[in-house]
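**Student:** sequence-free structure coming up:
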């Protein structure tokens with residue numbers, strides 16, 4: 001007799017959560033291989049890119065990156081420390097709040113981020129192109145995020 005397994009799905013491959021997890025793990029592994037020559041992990045790249053994106057709008061703190069990327073503060077803190085040590089980010093005091101530190105990309109950080117973007121964006125286009133319509137897929141992901149954030 002087969003033990004009971006309380007799921008609506010006749011196979012794990014029919015679960016959207018399991019599929020998303022597998023797709024995410026494979027994507028992350030591909031990113032890890034692609035970014036290795038730049039001495040960046042996928043998390044470091046993502047955090048660096050978030051700093052760069054947010055920097056276009058003004059001064060950026062670690063808390064800004066946490067909110068923007070929906071990342072845990074410990075993850076952002078560790079990645080930020082690594083990027084500071086690599087000379088890709090620099091820290092300065094926030095004149096309006098002494099407890100907060102403003103983080104900015106260095107010239108080397110901007111160069112590294114742009115190199116990584118030239119690798120990652122085509123990788124993403126090819127990988128998510130398998131969805132048939134990557135723009136629609138992105139819209140669906142944004143809808144999921146918006147719904148989950150309410």
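**Tutor:** Arrived safely. Nothing here was measured: the structure is a model prediction, and the numbers come from that model.
**Student:** in the helix or strand of the chain with the lowest mean pLDDT, what counts as buried?
**Tutor:** None of the helices or strands of the chain scores lower by mean pLDDT, DSSP states H and E than strand 97-105, at a mean of 84. Residues 102, 103, 105 are the ones in strand 97-105 that count as buried (16 or more other CB atoms under 10 Å). Backbone N, C-alpha and C define where each C-beta goes, glycine included.
**Student:** show me which of the residues you listed is closest to residue 17.
**Tutor:** residue 103 (33.5 Å; CB to CB).
**Student:** related to what we said a few turns ago, tell me which helix or strand comes right after the least confident helix or strand of the chain.
**Tutor:** helix 107-128 (DSSP states H and E).
**Student:** that following helix to strand 97-105, inter-axis angle?
**Tutor:** Using axes from the mean of the first three to the mean of the last three CA atoms, to 10 degrees, one finds that helix 107-128 and strand 97-105 are set 70 degrees apart in direction.
**Student:** show me the shaky parts of the protein.
**Tutor:** Scanning the chain for pLDDT under 70 picks out the ranges 1-3, 94, 97.
**Student:** what separation do you get for the residue most central in space within the chain and residue 32?
**Tutor:** Centroid check for the chain by CA atoms, centre = their mean gives residue 46 as the closest residue, at 3.9 Å. Relative to residue 32, residue 46 is positioned 12 Å away (CB to CB, to the nearest Å).
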